[in-house]
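> sequence below, structure please.
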Amino acid sequence: MPISISRLRLWIVAVAALMVLIVAGFYVHARLQVRRVLKEVAPARLEKDVQQSSEGFSFSKSEGGHTLFTIRASQAVQYASSDKATLKDVTIVVFGRRSNRFDQIYGSDFEYDPRAGIVAARGEVHIDLQGNAEGLLSPDQTPPRELRNPIHLMTTGLVFDQKTGIARVEGVVEFRVPQATGRARGATYDSHTNELTFDSQVDVQLGHEKVTSLHAARGKVTKDPRSIILADVVITQEQRKITGQQVRLDLTDANDIERAVLTGNVALTDASPSGLAVHAPQGELFLGENNTLRTALFTGGVRFSSQGSNPAEGDSEKLQLNFGGNNRVQQVVASDHVRLRQMPSGAQKNRQQAELACDQLTMDMAGGARLHHGGTGGAAQLTLTPLEPRVPGEHAIITAQQIQADFDDQGRIARMRGEPDSRIVAVVPGEPDKVSSGRRLTVNFAPGGGVADVIQEGNVRYEEATAVPHEAGGRKAFGERARYSPDDDSLTLTGSPRVQDGGMTLTADSIRFNRHTGEAFAQGSVKTTYSELRPDPNGALLAGGEPVHVTARAASMQRKSSLARYSGGARLWQGMNAIEAPAIEFNQQRRSMVAEGTAEKPVISVFAQPEIGNKSGNGKGTTVVVRATHLSYLDSERRARYTGDVRATGNGMVLTAGLADILLQPAGQKGEQSGPSQLDQIIAQEGVILQQGERRASGDRLVYTAASGTFVLTGGPPQLVDPAQGTVRGDSLTFYRADDRVVVESSGSSRTFTQTHISR
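Numbers count the residues shown, from 1 in each chain. Model (predicted):
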């Protein structure tokens, strides 16, 4: 959005010219030309009414070899009856004491009253002002044949009081230059103080095709200091308006504008689609060569806003505009307690207000019309506040030593980058603060103005205290890169990520967790270690005090329920106890698990089978490997339930069934064992088959007791097939792991002992 400073310059020059011309006119007319002509040029007394008369005369005043002024008139008449004198068709050329001016004042009729000391123009008075740069090169001047591009001033009713040194114009004063026209009503010049005052209605029109207008309630010109002061100014240009209670123009010796100072409710408003508005107690314009604007500075507590497609507002102690070619704004610099707020537009999810606070904010403009890039000086803070928070007072604070911002083609913030020492603090009243830090960060904004995501990189660290005061724990996360998404309040870590939550440590290729719900997801080379476990002497598989480890390709975790689900080649172990399955659900609080597999990839677990007769379980023994498609286990019950294609093997024994419960011996006082958990019993059901060497037993239900090494098979009815001894049936079959004895029980009969053959 360009600011046409060239036109602003024109009205300033025009007003300055107007005031200088009136000063010159009043002074030359009243005090020099008229009195000199009447006293030094007029001839002796004439007839009765006409006291003195002179036709066609000229008069010049010189000093130091330089002509100061020349007066020409077609006639000078002094009347005896009124003691007044008139001058006809007067032309006054003023060269100045340094011969560096060429000004003309002319009119058809002037009247002078020497007794009252009043000089009055009885018609129009015209003044042409034209600077003559060649004046210093010659001791005298010859008037040029014509004036080029003069600044022209016209007024009527000019009255000069010689006694007070004050000249007055009651009517309209008009002026024009090639690029502008203007007028004011009423003017006063005090020759003693060298002050010229415009009474009211100062109006200037600038330009031809695109008009810029200025209106001021009144004005004043002072010589020491050399300045022009206008009150209640309104500048209008196309869709832009600038107002102020007072404007002071500081002039050089050559009447060039050095600086323009606006004070009192200074405001700039723009009705274009960008809707720019600036308000400040004071503003200053600094000009450079060729009437170009270098800088514009607003001070004293500045407020600025934009009502475009993405509304924004801000405030600072200072706001400086730096201009480039064609008087277009090239750079905007806000400093001292800067705050910039941007409101989201549209109805996108999780809309947030963004507020940037810093000591200095520099914004580069593209084409002088829209923001392109911005950066802060010194430490900066970005505060994100949801428009629809879950809890009142919820917000996030982002800080860095420096923040850079990129804007889109609509002038909206598209991206912010902060480094070094970036830090994000998420604040939710009633919850622990969530803090993340890293070397650098990037905030990406959605097209509607809300935050799309926040990315931190370089030694990222996330910390979240426990919700219970004075209680150890909380959550910490580490990685080389973290991405925060406000849509689901999630944080995704990559680059060797690691999460510590209470006594749990999680590593993976990628970890994502929800900061609100605590739900976490991990992908690739997942490994979890649960430590800080207390031994449970009444437990078994998960009773030890040593860490529980879980590996898998993926994992999902519920923080509130302490439930974690691992999938893709999952393996869980504590000490010598291990479970392998395609998927494992583990509950740390309850010390329970659920494992799921398939016929091709079953659940696999290993248990210790103690030596027969060793009830303590400290002697030598063998291991039993159990496979199934499903496992559920609760450590407080010491029961592992297997379902779906159950198969248990160990020490020459193969047991298959549709369902099997593995009962384990308690871990003991130490809560840990030197090997896998000790088998106590196996209770198998649904199509039970036990293969032991060459003999094969089947039935509906089998109970195996590890301490005695006995198998009790019932239901079906049970039967035992031995290639050497044949088939044995009964209501109950009891046989032994250590030898080939079989006890058969039938209803209504006594027990029968049978010897069968077992291959070793």
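
> CA only for contacts and neighbour counts going forward, please
Fine.

> residue 478 against residue 501, yeah?
No - using CA atoms under 8 Å, residue 478 is not in contact with residue 501, being 11.7 Å away.

> quick one: which of those two has more around it?
For the pair residue 478 and residue 501, the greater number of neighbours falls to residue 478 (23 against 19), based on other CA atoms under 10 Å.

> for the more buried one, give me its contacts.
459, 460, 461, 462, 493, 496, 497, 498, 499 (CA atoms under 8 Å, 6 or more residues apart in numbering).

> quick check: chain neighbours aside, which residue is closest to the fifth one?
For residue 493, ignoring the flanking residues on the chain, the nearest one in space by CA to CA, 6 or more residues apart in numbering is residue 482 at 4.4 Å.

> before we move on, what about the third one?
Distances taken as CA to CA, 6+ apart place residue 478 nearest to residue 461, at 4.7 Å, with adjacent residues excluded.

> from residue 653, how far off is residue 563?
When distances are taken as CA to CA, to the nearest Å, residue 563 and residue 653 turn out to be 35 Å apart.

> ah, wrong one, I meant residue 214
As it turns out, when the distance is counted by CA to CA, residue 214 lies 107 Å from residue 653.

> of those two, who's got more company?
Each of residue 214 and residue 653 has its neighbours counted (other CA under 10 Å); residue 214 has more, 21 against 13.

> that one bridge partners, please.
For residue 214, the beta-bridge partners are residue 204, residue 235 (DSSP bridges).

> wait, what's in contact with it?
Residue 214 is in contact with 11, 202, 203, 204, 205, 233, 234, 235, 236, counting by CA under 8 Å, 6+ apart.

> distance of it from residue 297?
Counting by CA to CA - residue 214 and residue 297 are separated by 20 Å.

> again with residue 78
Distance from residue 78 to residue 297, by CA to CA: 58 Å.

> between the two, tell me which one has more neighbours.
In this view residue 78 and residue 297 are compared by other CA under 10 Å, and residue 78 has more residues nearby, 24 against 20.

> which strands or helices does the one helix or strand residue 564 maps to pack on?
Assessed by DSSP states H and E, residue 564 sits inside strand 563-574. The helices and strands touching strand 563-574, judged by 3 or more CA pairs under 8 Å, 6 or more residues apart in numbering; DSSP states H and E, are strand 548-558, strand 577-587.

> check what pLDDT the nearest residue to residue 335 once chain neighbours are set aside gets.
The shortest distance from residue 335 to any residue that is not its chain neighbour, by CA to CA, 6+ apart, is 4.2 Å, and that residue is residue 360. Reading off the confidence values, residue 360 has pLDDT 92.

> so which strand or helix has residue 360?
Element membership for residue 360, per DSSP H and E: strand 352-366.

> and that strand, how far out from the chain middle?
On the basis of CA atoms, centre = their mean, to the nearest Å, strand 352-366 sits 7 Å off its chain's mean C-alpha point.

> what segments of this protein are helices?
Residue ranges of the helices in the chain, as given by DSSP state H, are 5-27, 34-36.

> give me the most central residue, this protein.
Centroid-nearest residue in the chain, with CA atoms, centre = their mean: residue 354, separated by 5.2 Å.

> distance check, that residue against residue 371.
Relative to residue 371, residue 354 is positioned 17 Å away (criterion: CA to CA).

> what does residue 514 give?
Here residue 514 is placed at a distance of 35 Å from residue 371 (CA to CA).

> neighbour count winner among these two?
Here residue 514 and residue 371 are set side by side on neighbour count (other CA under 10 Å), and the busier one is residue 371, at 23 against 18.

> what's the closest non-adjacent residue to that one?
Taking CA to CA, 6+ apart, and ignoring the residues beside it in sequence, residue 371 has residue 365 as its nearest neighbour in space, at 4.6 Å.

> what number of residues are in the vicinity of that neighbour?
When counting by other CA under 10 Å, one arrives at 22 neighbours for residue 365.

> pLDDT wise, what is it at?
Note for residue 365: predicted pLDDT of 78.
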